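Novice: Test case, fold it:
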Amino acid sequence: MSTPEKQNQQGLSSQKYLEIAEIKDNVVVMKNGSLRAVLMVSSINFALKSIDEQDAIIYRYQSFLNSLDFSIQVVVNSRQLNIDSYLDALREEEKKQSSDLLRMQIASYVEYIGGLVKMANIVTKTFYIVIPFSLSEAKDGNVKSRLSSITDASGVMSNRKSFEKYRDQLFQRVDHIVENLGGTGLRMTMLNTQELIELYYNVYNPESVERKGLADISEIDLAQ
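Specialist: Numbering: from 1, shown residues only. Below is the predicted model:
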């Protein structure tokens with residue numbers, strides 16, 4: 001059986017294999033010095049649209065792709081539906097009922113919903129767009145001098161003014177995507193620091209998050 005110290009050492013040792021150096025100011029800083037912003041995107045039921053609406057969506061999406069002069073990554077995160085907290089809340093309500101009939105109805109409902117979710121293996125899907133920004137793409141100064149002076153995350157974060165300048169250029173890309181992709185009927189929101197940490201923690205620790213959730217950002221040890 002592993003001790004807490006051993007588990008902590010294992011967690012720290014695995015961090016060196018991750019490409020993420022730091023998450024701050026609503027931006028993911030990679031170890032190579034590049035930046036990432038993440039948009040969470042809604043979905044639309046394309047099949048229920050009329051032919052004209054489908055054609056319009058396809059045209060707007062095509063126009064969006066043609067407007068891009070930088071790469072993006074589309075990520076679909078699939079996760080089995082977890083309603084444990086909902087069922088626990090129902091069980092608490094069951095205990096508070098003075099009527100035997102209501103208690104029986106709630107208990108029957110909890111059993112039915114729990115069995116349905118388990119049997120149907122319901123999966124929820126969340127959609128994201130990851131927007132990258134490399135320092136070689138920065139619109140200031142000489143490319144060669146930039147790459148020679150800032151080659152990794154420590155170089156980016158050591159100069160607050162430079163970091164904010166690169167972050168602003170990344171956010172311009174975010175605004176471009178929101179403006180041009182919004183015409184398809186999709187709704188988008190950029191993840192903040194807390195949400196980014198939850199997202200990546202969830203990706204690398206799915207079972208842990210489903211079992212006990214994620215603490216507030218102030219309670220998470222982000223020491224490298």
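Novice: outside of stretch 71-83, which residues touch it?
Specialist: Residues outside stretch 71-83 that contact it (CB atoms under 8 Å, 6 or more residues apart in numbering): 113-114, 117, 121-132, 177, 202-203, 206, 210. (Glycine included, C-beta is placed from N, CA and C.)
Novice: That one - what's its average pLDDT?
Specialist: Looking at stretch 71-83 alone, the average pLDDT works out to 84.
Novice: ok, Gly182 - contacts?
Specialist: Applying CB under 8 Å, 6+ apart to Gly182 gives the contacts Met188.
Novice: Kindly confirm my reading that it is in a strand.
Specialist: No. Assessed by DSSP: H, G, I helix; E, B strand; the rest coil, Gly182 does not belong to a strand; its assignment is helix.
Novice: still on that earlier bit, so of the contacts of stretch 71-83, which ones are in strands?
Specialist: Secondary-structure check on the contacts of stretch 71-83 using DSSP state E: residues within strands are Val123, Thr124, Lys125, Thr126, Phe127, Tyr128, Ile129, Val130, Ile131, Pro132.
Novice: Thought Ser43 was touching the third one, still the case?
Specialist: What it means is Lys125. Yes. The pair Lys125 and Ser43 qualifies as a contact (CB atoms under 8 Å) at a distance of 7.5 Å.
Novice: If you count surrounding residues, which of these two has more?
Specialist: For Lys125 versus Ser43, neighbours defined as other CB atoms under 10 Å are more numerous around Ser43 (12 against 9).
Novice: got JSON lines for the ones in strands among the contacts of stretch 71-83, with pLDDT and distance to Glu92 too?
Specialist: Compiled in JSON lines, these are given as follows (pLDDT from 0 to 100; distance: CB to CB, whole Å):
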{"residue": "Val123", "pLDDT": "75", "distance to Glu92": "27"}
{"residue": "Thr124", "pLDDT": "79", "distance to Glu92": "24"}
{"residue": "Lys125", "pLDDT": "84", "distance to Glu92": "30"}
{"residue": "Thr126", "pLDDT": "89", "distance to Glu92": "28"}
{"residue": "Phe127", "pLDDT": "93", "distance to Glu92": "33"}
{"residue": "Tyr128", "pLDDT": "95", "distance to Glu92": "34"}
{"residue": "Ile129", "pLDDT": "95", "distance to Glu92": "39"}
{"residue": "Val130", "pLDDT": "96", "distance to Glu92": "39"}
{"residue": "Ile131", "pLDDT": "96", "distance to Glu92": "42"}
{"residue": "Pro132", "pLDDT": "95", "distance to Glu92": "45"}
